[in-house]
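Enquirer: A structural model of the following input is requested.
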Amino acid sequence: GIKTDVCLLWPRGQQIRSAWHAVLQHAAPCQLLDECVHSNKGIHCRLIWLYLYPMIVVTGASGMLGSQVVLQLSQKFPEKTIHAWYRSESSRAAAIASWSAQDFQGKSVHWVKVDLENQQEVMDAMQGASHVVHAAAMVSFRQRDAMRMQMVNPLMAEHVALAAADSQVNNLIHVSSVAA
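Expert: The predicted model follows:
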C-alpha cells in the first residue's frame, strides 16, 4: 500500500473544507483518516492522510479476543494500518499493556473510540472499510447484567453488519463466545 500526505494551504478563515471533501468523494478507494491543523505565518495548513489500500477494522480491539486479533493482523500485514475500535480508555490501556508484554508496540494500530450502540456513529466510522472483524461484546457474569447483554450484543452486531453492508465491506467476520 501507498501512504501519502496532502497539504492544503489557504488564507486564514477561507472555507475550502467542503470543496476538499467533494474531491475526496471522487478519490475512492482513499480513506480520510486524520486531520491536523497547523499554523505557519498566518496561513493554515490542513494535513490529510490518505490510505490507498484496504482498511481493516477490528471492533472490540481492546478486549481479550479483539486485542489478539489486532496483534495477529498487524504481524501478518505489517504494511497496513489496523483500525482498532474500542469502548473505554481503561480497556484500551489494558490492551496496550498486554501487547507490551508480548513485545508488540502497536505502531500500525489506529485507535478509534466508537459507541457500537449508536448506529450513526458506527456508519460514520465504517466508511472506507474493506475488511471487518467484529469481536466486540458486553461480557459479564453478574446476573443483573444478563438482560442488558441479551439486548446490547445483538444490537451491536446488527449495527456493525448494517454499516458493513452500507459501506460495501468485502469481508465481515463475527466472533462471539458463550460468555457473550
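Enquirer: ok, residue 84 to residue 95 distance?
Expert: 8 Å (Cβ to Cβ, to the nearest Å). From N, CA and C alone the C-beta is placed, and that goes for glycine too.
Enquirer: when those two are compared, which one has more neighbours?
Expert: Neighbours were counted for residue 84 and for residue 95 using other Cβ atoms under 10 Å; residue 84 has more, 28 against 25.
Enquirer: coming back round to it: which neighbours do residue 84 and residue 95 share?
Expert: Jointly contacting residue 84 and residue 95 under the rule Cβ atoms under 8 Å, 6 or more residues apart in numbering are 61, 62, 66, 70.
Enquirer: residue 135: which of those residues is nearest?
Expert: residue 66 (3.8 Å; Cβ to Cβ).
Enquirer: am I right that the closest one is in a helix?
Expert: Yes - counting by DSSP: H, G, I helix; E, B strand; the rest coil, residue 66 falls inside a helix.
Enquirer: would you agree it is in contact with residue 57?
Expert: No - counting by Cβ atoms under 8 Å, residue 66 stays clear of residue 57, with 10.7 Å between them.
Enquirer: any shared contact partners between those two?
Expert: Joint contacts of residue 66 and residue 57 (Cβ under 8 Å, 6+ apart) are residue 133.
Enquirer: the two: which has the busier surroundings?
Expert: residue 57 (27 against 24).
Enquirer: so the more buried one sits in a strand?
Expert: Yes - assessed with three-state DSSP, residue 57 lies in a strand.
Enquirer: what ranges do the strands span in the protein?
Expert: In the chain, strands defined by DSSP state E lie at 3-11, 32-40, 43-51, 55-59, 82-86, 109-113, 129-134, 171-174, listed in chain order.
Enquirer: now the angle from the lengthiest helix in the chain to strand 55-59?
Expert: Counting residues, the longest helix found in the chain (DSSP state H) is helix 146-166. Put simply, helix 146-166 runs at 170 degrees to strand 55-59, going by axes from the mean of the first three to the mean of the last three Cα atoms, to 10 degrees.
Enquirer: helices or strands up against helix 146-166?
Expert: For helix 146-166, the elements it packs on are helix 119-126, strand 129-134, strand 171-174, judged by 3 or more Cβ pairs under 8 Å, 6 or more residues apart in numbering; DSSP states H and E.
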